[in-house]
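Asker: Only the shape, not the letters, is given here:
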């Protein structure tokens, strides 16, 4: 990254909250010079101030990339300040949920290269996954640059259509919260069966983290991993008969949850 077009022409980060900070830390760790980064943030953290980036100063006229990381409700005020960079070679990458490419084009100009991205919170420890889609003005090289930028905090996948980003939101964007709630409920269930609360929580956290790591590392798919750990008429089978129930188990519950998140993402985009 230190020898890229971004390092030469600069990168503007609009908003530096938890996700923006995680990304900035990843870029700096991968060798992007702090001198190549301009950050616009009205309430900079002590960490951000210490990084050496240009903070709330005059911006470059034509940076390689502008990464938009402000909250959606702040977009109407923040984005027009960068309108002069639109309709040029500057690529705008947005991680704001519910803000469509068309809305960016309305503000910045129809000839603006725009990449819409949906990351998730494990990006804070470089274990995230981000889905991206670009408009017609984004060429292969620009999309590669955006992918390299976002890969600093985890895996990156490319979508075929912008419409798919709502389902991505339902699965991976909101998905960490589902897993966190599963940890909560597993720990509470263990406590109900007689375990001390702190021990139950330790077991639940380690189990979910370990199972996720195994699912990533194993050649078998999750269905086969489930079979591998399920002895006939054993304890796991007894639990799975509850969890896999077609009426009350995980399949219908998660289908409803993902659909609810996906539908809400569409509502936000159309609102």
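Answerer: Yes, it's here. Remember, it's a predicted structure, so these values are computed and weren't measured experimentally.
Asker: contact partners of stretch 70-83?
Answerer: With CB atoms under 8 Å, 6 or more residues apart in numbering as the test, stretch 70-83 has contacts from 12, 14-15, 17, 40, 59, 66, 68, 92, 96-99, 104, 107-109, 268. The C-beta positions use only the backbone N, C-alpha and C, and glycine is treated the same way.
Asker: List the buried residues of that stretch.
Answerer: By neighbour count on 16 or more other CB atoms under 10 Å, the buried set for stretch 70-83 is 70, 75, 78-79, 82.
Asker: Average pLDDT for that stretch, rounded please.
Answerer: Across stretch 70-83, pLDDT averages out at 83.
Asker: Tell me the secondary structure of residue 61, please.
Answerer: coil (DSSP: H, G, I helix; E, B strand; the rest coil).
Asker: and the nearest residue to residue 53 once chain neighbours are set aside, how many residues sit next to it?
Answerer: Among residues not flanking residue 53 along the chain, residue 37 sits closest, at 4.2 Å (CB to CB, 6 or more residues apart in numbering). As a burial measure, residue 37 scores 24 neighbours (other CB atoms under 10 Å).
Asker: Provide the contact partners of stretch 124-144 at residue level.
Answerer: Counting by CB under 8 Å, 6+ apart, 18-19, 22, 26, 91, 93, 95, 101, 105, 111-123, 146-147, 150, 152-162, 164-165, 168, 172 sit against stretch 124-144.
Asker: quick one: which of the contacts of stretch 70-83 sit in strands?
Answerer: 12, 14, 40, 66, 68, 92 (DSSP state E).
Asker: and the fourth one, how far is that from residue 38?
Answerer: The span separating residue 66 from residue 38 equals 9 Å under the rule CB to CB, to the nearest Å.
Asker: what touches both of these two?
Answerer: Residues touching both residue 66 and residue 38 (CB under 8 Å, 6+ apart): 11-12.
Asker: Tell me which of the two has more neighbours.
Answerer: Between residue 66 and residue 38, residue 66 has the larger neighbour count (other CB under 10 Å), namely 26 against 20.
Asker: In the protein, what helix or strand scores lowest on average pLDDT?
Answerer: helix 75-78 (a mean of 81; mean pLDDT, DSSP states H and E).
Asker: Partner strands of the host helix or strand of residue 129, with direction?
Answerer: For residue 129, the host element (DSSP states H and E) is strand 128-134. Here strand 128-134 has these sheet partners by DSSP bridges: strand 114-118 (antiparallel), strand 154-158 (parallel).
Asker: starting at the chain centroid, how far to the first one?
Answerer: Relative to the centre of its chain, strand 114-118 is centred 11 Å away, using CA atoms, centre = their mean, to the nearest Å.
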